[in-house]
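> Mind folding the following:
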Amino acid sequence: MSQLLCTAKATRTPGKVVVATNVVSMDEPCFGLSEVNLMSPGSRGVHRYQVLAVLRQGKLVSFMRDMGPISEFAGIQQFRVPGGIMDEATERYEILHTVGELYDIADYLRNGYSKPPDFTPGDLYRDLRLQKEEKARCYKRASTFASSVKIQRS
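Purely as a prediction, here's the structure:
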């Protein structure tokens, strides 16, 4: 079971502190999720951490989850999944995803991409011509017979 790690770190601007939490809900708006390798507290080695930026009352709150030693994540790249954007002119956040949605995306990225299904595009001109022919037969109340299709109009 992973343990929760609550930290407050200084930001680039002196005098500012990131507000942190140790509990998040799956339906909370989330600004972004990162999975990074960091030194664990007490110098117990390098661990993989999931870092969330959750929006609460108009402010970003940081959440960190210890996922275990990096030896369990061999060959898996560190990544960041954006969940929203910030308008620099108005300094307002627009959140596009929830914590649960970003967790699902992170699980997908961690387990590797799956190959999309093979798709062969159809011939639109042929399909349009067949549709027009079928429509003309329908107006004439004509029947269509083929090896696999039988449309009979009365």
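> What is the burial count for the residue nearest to Leu55 when sequence neighbours are not counted?
Nearest non-adjacent residue to Leu55, counting by Cβ to Cβ, 6 or more residues apart in numbering: Pro29, 4.6 Å away. Every C-beta, even on glycine, is put in place using the N, C-alpha and C of the backbone. For Pro29, the count of nearby residues is 16 (other Cβ atoms under 10 Å).
> list the contacts for Pro29?
By Cβ atoms under 8 Å, 6 or more residues apart in numbering, Pro29 lies in contact with Val54, Leu55, Gly83, Gly84, Ile95, His97, Thr98.
> would TSV of those residues with secondary structure be doable?
Formatted as TSV, the contacts of Pro29 follow (DSSP: H, G, I helix; E, B strand; the rest coil):
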residue	secondary structure
Val54	strand
Leu55	strand
Gly83	coil
Gly84	strand
Ile95	strand
His97	strand
Thr98	strand
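> For these, which single residue is the most surrounded?
Val54 (25 neighbours).
> right, and the helix or strand after the strand or helix carrying Arg65?
Following DSSP states H and E, the helix or strand that holds Arg65 is strand 59-69. As assigned by DSSP H and E, the chain's next helix or strand after strand 59-69 is strand 79-82.
> Need the contact partners of that next one.
Phe31, Gly32, Leu33, Ser34, Glu35, Leu102, Ile105, Ala106, Leu109.
> Can you give me the distance of the fourth one to Arg65?
Relative to Arg65, Ser34 is positioned 11 Å away (criterion: Cβ to Cβ, to the nearest Å).
> any shared contact partners between these two?
Gln50, Val51.
> List the buried residues in the helix or strand harbouring Arg126.
In the assignment (DSSP H and E), Arg126 maps to helix 124-140. Neighbour counts over helix 124-140 (16 or more other Cβ atoms under 10 Å) mark no residue as buried.
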